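Q: Below are the sequence and a predicted model; questions follow.
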Amino acid sequence: ITGRIMAGLRWWNYINDSGESVWVFESSSEEAQIKFSKAEIQIFWAGLVASPVLWALLFFTALFSLKLKWVVLVIIGLALSGSNLVGYLRCRLGSSVSGAANQYMQQRVMANMMNMFKTNPTTTTPTAQTA
């Protein structure tokens with residue numbers, strides 16, 4: 001609601017008749033954006049960016065203090081606030097080149113996050129000693 005009221009942006013997801021997930025990103029027209037206050041838009045974006053930053057800080061705090069049961073909760077909060085930020089960025093940037101770069105960055109960040117939790121056994125090869 002705040003994105004639509006304060007910045008003229010909204011996004012959602014639905015399942016179509018063929019069972020596929022469809023993402024919809026909307027941005028109000030340039031004429032309609034005149035009615036939005038610049039201060040409100042800045043407050044909206046500051047809060048939207050600050051939320052994942054705060055969750056990331058809490059993630060490292062929980063991780064380094066070895067409170068692993070809190071890490072799960074913080075990862076959920078980080079994922080939800082991060083997806084909200086990505087959704088609004090997609091609304092704002094649309095399908096421009098910046099949008100494509102944003103989508104690439106999303107894929108790389110998600111791949112890196114998933115690789116953090118995978119354990120790859122390291123194999124060491126014995127070195128041959130010569131006499």
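A: Sure, I can see it.
Q: three-state assignment of the residue nearest the centre of the chain?
A: In the chain, the residue lying closest to the centroid (CA atoms, centre = their mean) is residue 82, at 3.0 Å. Following DSSP: H, G, I helix; E, B strand; the rest coil, residue 82 is assigned to helix.
Q: and it, what is it in contact with?
A: Neighbour list for residue 82: 52, 55 [criterion: CB atoms under 8 Å, 6 or more residues apart in numbering]. To be clear about C-beta, it is placed using only N, CA and C from the backbone, and glycine gets the same treatment.
Q: rerun at 7 Å
A: Residues near residue 82 by CB atoms under 7 Å, 6 or more residues apart in numbering: residue 52.
Q: any idea how far it lies from residue 53?
A: Residue 82 sits 10 Å away from residue 53, going by CB to CB, to the nearest Å.
Q: Repeat that for residue 21.
A: For residue 21, the distance to residue 53 equals 28 Å [CB to CB].
Q: Okay, helices next: where are they in this structure?
A: Listed in chain order, the helices of the chain (DSSP state H) span 2, 30-33, 38-64, 68-93, 97-117.
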